[in-house]
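Novice: Next come a sequence and a model predicted from it.
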Amino acid sequence: MGNDVVEYLLEYRTPEATFCLENKMVHGFINDFVYDTDYSYTRIQNYSDSFGDWQAPLPATISLDSRVPYGNQFVLTVSADGDMIVTNGVNSKTLDIYNLKPGKTYSYGIFSSIDGSLLKNGAFCTSGTVRQIKTARIRNVRDAGGWIGLGGKKVKYGILFRGAELKNKSSDLKSIEDEDYQILVNNLGISLDIDLRANNERGGIDWSPLGISYLHLPLSPYQWAVQDPNRALYAKGIRALLENARKGEASYVHCQAGADRTGTFVFLINGLLGVCESDLSKDYEITNYYTERSRNSDSYKALVNSVLKFCTDGRNINEGICNAVLSMGITEQEIEELRELMLE
């Protein structure tokens with residue numbers, strides 16, 4: 001798709017509608033309340049209809065008309081800052097577009113696959129905080145961005161993604177579903193697979209099924225993150241994320257379910273970026289919609305208490321996380337660079 005076409009689409013900036021990309025359970029859980037520092041309770045269950053329903057991020061929906069015949073069309077969706085999503089095939093009266101970034105304005109064009117002619121174009125806005133990712137088979141996938149961090153800046157979308165394992169058998173390595181490859185690599189730009197599983201959980205896999213760079217870090221979660229030998233592994237993962245962010249590329253961190261080890265890694269990253277204690281808990285608990293996790297569990301409370309021990313002046317979870325990460329060997333300069341790259 002040529003730059004002239006993209007520039008043409010961006011000229012059309014009058015939004016037709018605004019779409020919240022969070023489903024009702026996630027949206028209510030994120031926005032209805034602020035957690036205090038009492039970890040004896042959780043509210044996540046108040047927003048759970050049933051497990052599995054959370055994995056239904058809402059799309060932006062384009063209504064079609066007689067100008068757009070069914071089949072043999074493709075849709076190019078582009079935001080002002082260059083994000084592009086290509087959707088192939090139009091087979092109904094509406095078109096759902098997933099995996100967009102909240103808080104953006106997108107232009108779109110529907111083109112004929114036969115002669116490339118433009119059949120329809122328009123624009124819409126998106127809203128929300130949590131960017132849930134719709135995939136064909138990979139579970140519990142979402143963007144780690146969207147939360148408010150230091151100085152009121154937002155953690156950028158598109159730098160760190162988290163979720164469950166991609167594959168767990170070496171016999172599956174020959175192929176990953178084309179749709180998931182299109183989503184994770186082509187659309188989201190993921191170029192680094194950070195695998196936190198133990199050796200006996202990988203089923204013989206020692207490279208990424210996505211065919212991208214691969215880093216294996218068999219680390220332990222929760223309070224063990226700040227203990228040897230895990231500290232060195234977490235430092236290696238943070239540096240790998242930093243290096244990939246320097247290149248303007250996205251990373252995918254996962255264990256088996258994307259819950260404990262992945263949750264601990266993202267807890268540390270977002271804590272370094274200044275995400276508040278309430279939102280750190282909420283981000284951790286959203287995994288509850290896939291596999292039960294809550295802030296009043298002994299494991300999560302142990303993680304919080306382990307980093308609070310690093311506070312030097314009262315209770316400041318962000319200071320505690322920063323000092324804990326410094327104890328791993330990460331430098332203040334590296335932390336500042338990570339903040340520059342991941343906050344906007």
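Specialist: Sure, I can see it.
Novice: Put the alpha carbons of the biggest strand by length in the chain into PDB.
Specialist: As assigned by DSSP state E, the longest strand anywhere in the chain is strand 118-127. This file holds the C-alpha atoms of strand 118-127, laid out as PDB (Å, rounded to 0.1, in the frame of the first residue of the first chain):
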ATOM      1  CA  LEU A 118     -11.500   2.600  -3.200                       C
ATOM      2  CA  LEU A 119     -15.100   1.500  -2.400                       C
ATOM      3  CA  LYS A 120     -15.600   3.400   0.800                       C
ATOM      4  CA  ASN A 121     -13.700   5.400   3.400                       C
ATOM      5  CA  GLY A 122     -14.300   7.100   6.700                       C
ATOM      6  CA  ALA A 123     -13.000   7.600  10.300                       C
ATOM      7  CA  PHE A 124     -13.800   6.700  13.900                       C
ATOM      8  CA  CYS A 125     -12.400   7.100  17.400                       C
ATOM      9  CA  THR A 126     -11.500   4.500  20.000                       C
ATOM     10  CA  SER A 127     -11.600   4.700  23.800                       C
END
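Novice: Next, the buried residues of it.
Specialist: Residues of strand 118-127 classed as buried by neighbour count (16 or more other C-beta atoms under 10 Å): Leu119, Lys120, Asn121, Gly122, Ala123, Phe124, Cys125, Thr126. To be clear about C-beta, it is placed using only N, CA and C from the backbone, and glycine gets the same treatment.
Novice: So which of those is the closest to His254?
Specialist: His254 lies nearest to Thr126 out of the buried residues of strand 118-127, by C-beta to C-beta, at 25.2 Å.
Novice: and the gap between the closest one and Asp143?
Specialist: In this view, Thr126 and Asp143 are 13 Å apart by C-beta to C-beta, to the nearest Å.
Novice: shared neighbours, the two?
Specialist: Common contacts of Thr126 and Asp143, defined by C-beta atoms under 8 Å, 6 or more residues apart in numbering, comprise Lys101.
Novice: coming back round to it: so what secondary structure elements neighbour the longest strand of the chain?
Specialist: strand 18-20, strand 60-63, strand 105-112 (3 or more C-beta pairs under 8 Å, 6 or more residues apart in numbering; DSSP states H and E).
Novice: Need the phi and psi values for the residue nearest the centre of the chain.
Specialist: What sits nearest the mean C-alpha location of the chain, by C-alpha atoms, centre = their mean, is Asp143, with 1.1 Å. Backbone geometry at Asp143, expressed as degrees, to the nearest 10, gives phi -80, psi 140.
Novice: what residues are up against the residue nearest to it when sequence neighbours are not counted?
Specialist: Closest residue in space to Asp143, ignoring its immediate chain neighbours: Arg131 at 3.7 Å, by C-beta to C-beta, 6 or more residues apart in numbering. Counting by C-beta under 8 Å, 6+ apart, Arg131 makes contact with Leu21, Pro57, Asn99, Lys101, Pro102, Arg142, Asp143, Gly145, Gly146, Tyr157.
Novice: returning to what we had before: isn't the residue nearest to the centre of the chain right up against Leu160?
Specialist: Yes. If you go by C-beta atoms under 8 Å, Asp143 and Leu160 touch, sitting 7.5 Å apart.
Novice: sec struct for Ile85, please.
Specialist: Secondary structure state of Ile85, per DSSP: H, G, I helix; E, B strand; the rest coil, is strand.
Novice: how close does it get to Asp96?
Specialist: Relative to Asp96, Ile85 is positioned 11 Å away (C-beta to C-beta).
Novice: cool, and Gly204?
Specialist: For Gly204, the distance to Asp96 (C-beta to C-beta) stands at 37 Å.
Novice: try Gly116
Specialist: Relative to Asp96, Gly116 is positioned 23 Å away (C-beta to C-beta).
Novice: more neighbours, the two?
Specialist: Neighbours per residue, other C-beta atoms under 10 Å: of Gly116 and Asp96, the larger number sits with Asp96, 13 against 10.
Novice: so the more buried one touches Ala60, yeah?
Specialist: Yes. Using C-beta under 8 Å, Asp96 is in contact with Ala60, at 7.4 Å.
Novice: hang on, Gly263 packs against Pro221?
Specialist: Yes. Contact status for Gly263 versus Pro221: in contact at 7.0 Å, counting by C-beta under 8 Å.
Novice: Tell me which of the two has more neighbours.
Specialist: Each of Gly263 and Pro221 has its neighbours counted (other C-beta under 10 Å); Gly263 has more, 25 against 21.
Novice: Leaving out sequence neighbours, find the closest residue to Ile30.
Specialist: Ile30 sits nearest to Thr129 (C-beta to C-beta, 6+ apart), 5.3 Å away.
Novice: List the buried residues of stretch 211-229.
Specialist: For stretch 211-229, the neighbour count (16+ other C-beta under 10 Å) marks 212-213, 215-226 as buried.
Novice: Give me the distance from the helix or strand where Val78 lies to the chain's centre.
Specialist: If you go by DSSP states H and E, Val78 is part of strand 73-79. Distance, stretch centre to chain centre, for strand 73-79: 22 Å (C-alpha atoms, centre = their mean, to the nearest Å).
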